[in-house]
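Peer 1: fold the following, please.
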Amino acid sequence: MKLLMVVSNDNEDVESLGTAALLTRAGFDVFKGTFQQGLTIHTAYGTPYHADGKIPSDISAFEGLIIPGGKYVQAIVDEDTQIKDLARTFKAQDKYLMALCAGPRFLMQADLIEGNFTCYPGAEKDQKRGHYLKDQKAVVDGRLITARSAGSVYDFVFAIIETLQGKEALEAFQKNIAY
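Peer 2: Next up, the predicted model:
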């Protein structure tokens, strides 16, 4: 199963790299795509890595979109059109939307959250609809999967695995990583 992760300078390290690494280990093909000029990304804490490529215009190969949080969200969310338009396209095609920490702000500003969700405390300020579950580490509501913070990465990944691959796959993954 192929997932598209939006990566940008100042993504939160563990939310982007940790999530991608764990999902890859669980058998997902995670394409780390960027809208930025070059492919070199520097995380919020300075870790350099390379995106797999530019965000493709054809998303038919992907089952879902992952939007990590980090310092970049506050810097670009209000003016952004690219991430929001990409999320709208995924939603229109009935694909999964997955975001954590401040990442759900893109979905909130695009008015794509209708049900239950969670996010970093304070990031819910862009909420137009839906029900904010502030004490939940990860929330699944249909094809929307959200998580609260960098400290919730495992919960986020577990929710993705269980939702997209099933409970048995999640149990096997947890056993494999000695969770």
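
Peer 1: after the lowest-mean-pLDDT helix or strand in the chain, which helix or strand is next?
Peer 2: When the helices and strands of the chain are compared on mean pLDDT, DSSP states H and E, helix 71-76 comes out lowest with a mean of 94. Next along the chain after helix 71-76, taking DSSP states H and E as the criterion, comes helix 82-92.

Peer 1: can you list the buried residues in that next one?
Peer 2: Buried positions in helix 82-92, judged by neighbour count with 16 or more other Cβ atoms under 10 Å: 83-84, 86-88, 90-91. The C-beta positions use only the backbone N, C-alpha and C, and glycine is treated the same way.

Peer 1: specify which member of these is nearest to K2.
Peer 2: F90 (12.5 Å; Cβ to Cβ).

Peer 1: mind listing what that closest one touches?
Peer 2: Under the criterion of Cβ atoms under 8 Å, 6 or more residues apart in numbering, the contact list for F90 reads 59, 62, 64-65, 96-97.

Peer 1: which ones among those lie within helices?
Peer 2: Judged by DSSP state H, helices contain none of the contacts of F90.

Peer 1: any chance of the residues you listed in CSV, plus pLDDT and distance to Q37?
Peer 2: Supplementary listing: the contacts of F90 in CSV, determined by pLDDT from 0 to 100; distance: Cβ to Cβ, whole Å:
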residue, pLDDT, distance to Q37
I59, 97, 21
F62, 98, 23
G64, 98, 26
L65, 98, 21
Y96, 98, 28
L97, 98, 26
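
Peer 1: just the closest of those to I145, please.
Peer 2: When those are compared for distance to I145 (Cβ to Cβ), Y96 comes out closest, at 6.6 Å.

Peer 1: excluding chain neighbours, give the residue nearest to the closest one in space.
Peer 2: G64 (3.0 Å; Cβ to Cβ, 6 or more residues apart in numbering).

Peer 1: number of nearby residues for that neighbour?
Peer 2: By the measure other Cβ atoms under 10 Å, the count of residues near G64 is 22.

Peer 1: again with the one 3 residues further on
Peer 2: Counted by other Cβ under 10 Å, the residues lying close to I67 total 29.

Peer 1: doesn't I83 make contact with it?
Peer 2: Yes - judged on Cβ atoms under 8 Å, I67 makes contact with I83 at a distance of 6.5 Å.
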